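1. below is the sequence, then the predicted model.
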Amino acid sequence: MPHGKTVRAAAAACIAAGLLAGCASKAERASTTAPPTLKVGLVFDVGGRGDKSFNDAAYAGLERARRELGIQYQTLETGEGTEREAAMRQLVEGGSQLVFGVGFLFSDDIRQLATEFPNTKFACVDYTVKEGETLPPNLVALKFKEEEGSFLVGALAAQLSRSRLLGFVGGMEIPLIKKFEAGYKAGVAAVRPDAKVIVKYAGTTGTAFKDPTKGKELALAEYSQGADIIFHASGSTGLGVFEAARERKKLAIGVDSDQYDEAPGFILTSMVKRVDNATYDLIREVAAGQWTSGVRVFGLKEDGVAWVYDDRNKALVPDRVKATVDSLRAAIIAGKITVPSS
């Protein structure tokens, strides 16, 4: 049977020629071409997962990467001091190829670890860049123009205020949170120069970001002074601000994530900081074999900050008010307005 001889001869030739890849099984070919699963580690900031704000935004970026990119991840929560460094070190030694520190408090520790582990990639949200500093080649600083988004919610609040008194509750009194305050006050002044902003801070340590009781106390004091809308930039401390808004039947403005669900009907809007997008985008780049170290800054132009306007809160925002805020947003993006950060 010539046909049978031909088949046998072809098989013999394949083996003799060493064309193992061409004769390999489908399973063997799949095993050699399947990309390795990227392992990502993330350490939460003060307040931890479930803060309905900053940390939850970072977690949302991780979850999206798991669903869409098939990555594996591990998260850890810390307390104070050396726990941050130890947690990130644990993730590195556990095989994480990309490690996130969520919050400016990680800045010094993550830089040190990036130097110690040059083959691991690191990213820090709100990294504090020192003057003249050059980052290690395996470290990315993710920074945001919080003042720009805060300017817009300030302009919104000022137009809607009846008392001409607005409130601001900050967490830890540091330059980062001062950016929120500065932008908010500038936005208020831009549309209503005669309005005033009452400012209070929860403290000078990291615990100022996780003290709802203190947040409620400060907000009640501001409402009692006449403020009818309060913007908070204080992590889970802000949950107390929302309690005060419900109690006094006043309005509050959320931060970092859309916080409407925390007090439906009492949240005018939220100044959203797209930590979720920044986290996801960096993971996607690493998964694709791309990496560029350095400082990345996200403002209105980059869709890194925004204010929430949707079906749930639009009844609180008249069309003319929204039009003014939209116009200011366009002016900032075009460079016609420079928002102060301090």
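-> Noted; the coordinates are in hand.

2. show me the helices in the stretch 151-300 of the chain, by range?
-> 175-191, 212-224, 238-248, 275-287 (DSSP state H, counting those that start in this stretch).

3. for the shortest one, what does the pLDDT average out to?
-> Averaged across helix 238-248, pLDDT comes to 98.

4. show me what counts as buried in that helix.
-> 238-245, 248 (16 or more other Cβ atoms under 10 Å). Where you see a C-beta, it was placed from the backbone N, CA and C, and this is true even at glycine.

5. again with the last one
-> Residues of helix 275-287 classed as buried by neighbour count (16+ other Cβ under 10 Å): 275-284, 286-287.

6. ok, so of those residues, who is nearest Gly154?
-> Val275 (21.0 Å; Cβ to Cβ).

7. who's Trp307 bridged to?
-> Met271 (DSSP bridges).

8. against Lys121, how distant is it?
-> Plainly put, Trp307 is 32 Å away from Lys121 if you go by Cβ to Cβ, to the nearest Å.

9. thinking again about what came up before, would TSV of the buried residues of helix 238-248 with distance to Arg64 be doable?
-> Shown next, in TSV, are the buried residues of helix 238-248 (distance: Cβ to Cβ, whole Å):
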residue	distance to Arg64
Gly238	24
Leu239	24
Gly240	29
Val241	28
Phe242	26
Glu243	30
Ala244	33
Ala245	30
Arg248	37
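
10. tell me the one of the residues you listed nearest Glu147?
-> Using Cβ to Cβ, the buried residues of helix 238-248 come closest to Glu147 at Gly238, 18.1 Å.

11. what sits against that closest one?
-> For Gly238, the contacting residues are 53, 169, 171, 212, 215, 232, 252, 254-255, 259, by Cβ atoms under 8 Å, 6 or more residues apart in numbering.

12. 10 Å - rerun?
-> Shown in contact with Gly238 (Cβ atoms under 10 Å, 6 or more residues apart in numbering): 47, 51-53, 169-171, 202, 209, 212, 215-216, 219, 230-232, 252-256, 259, 262.

13. and what of Leu166?
-> With Cβ under 10 Å, 6+ apart, Leu166 has these contacts: 153-154, 157-158, 160, 184-185, 187-188, 192, 195-199, 222, 226-231, 253.

14. that one and Ser342: what is the separation?
-> Distance from Leu166 to Ser342, by Cβ to Cβ: 19 Å.

15. okay, buried residues for stretch 254-272 please.
-> 254-260, 262-263, 266-272.

16. Trp307 and Lys121: which has the busier surroundings?
-> When neighbours are counted by other Cβ atoms under 10 Å, Trp307 comes out ahead of the other of Trp307 and Lys121, with 25 against 22.

17. report the central residue of this structure.
-> Geometric centre of the chain, nearest residue: Val275, 1.8 Å, by Cα atoms, centre = their mean.

18. these two touch, right, that residue and Val125?
-> Yes - counting by Cβ atoms under 10 Å, Val275 does reach Val125; the two are 5.8 Å apart.

19. tell me, what's touching these two both at once?
-> With Cβ under 10 Å, 6+ apart as the test, Val275 and Val125 both reach 45, 54-55, 57-58, 61, 100, 102, 142, 144.

20. excluding its backbone neighbours, what's nearest Lys178?
-> Excluding its sequence neighbours, the residue lying closest to Lys178 (Cβ to Cβ, 6 or more residues apart in numbering) is Ser342, at 5.7 Å.

21. Glu247 too?
-> That would be Leu220: by Cβ to Cβ, 6+ apart, it lies 7.4 Å from Glu247.

22. shouldn't that neighbour be in contact with Phe242?
-> No - using Cβ under 10 Å, Leu220 is not in contact with Phe242, being 11.9 Å away.

23. what is in contact with those two at once?
-> In contact with both Leu220 and Phe242: Ile230, using Cβ under 10 Å, 6+ apart.

24. residues near Leu220, how many?
-> Around Leu220 there are 19 residues (other Cβ under 10 Å).
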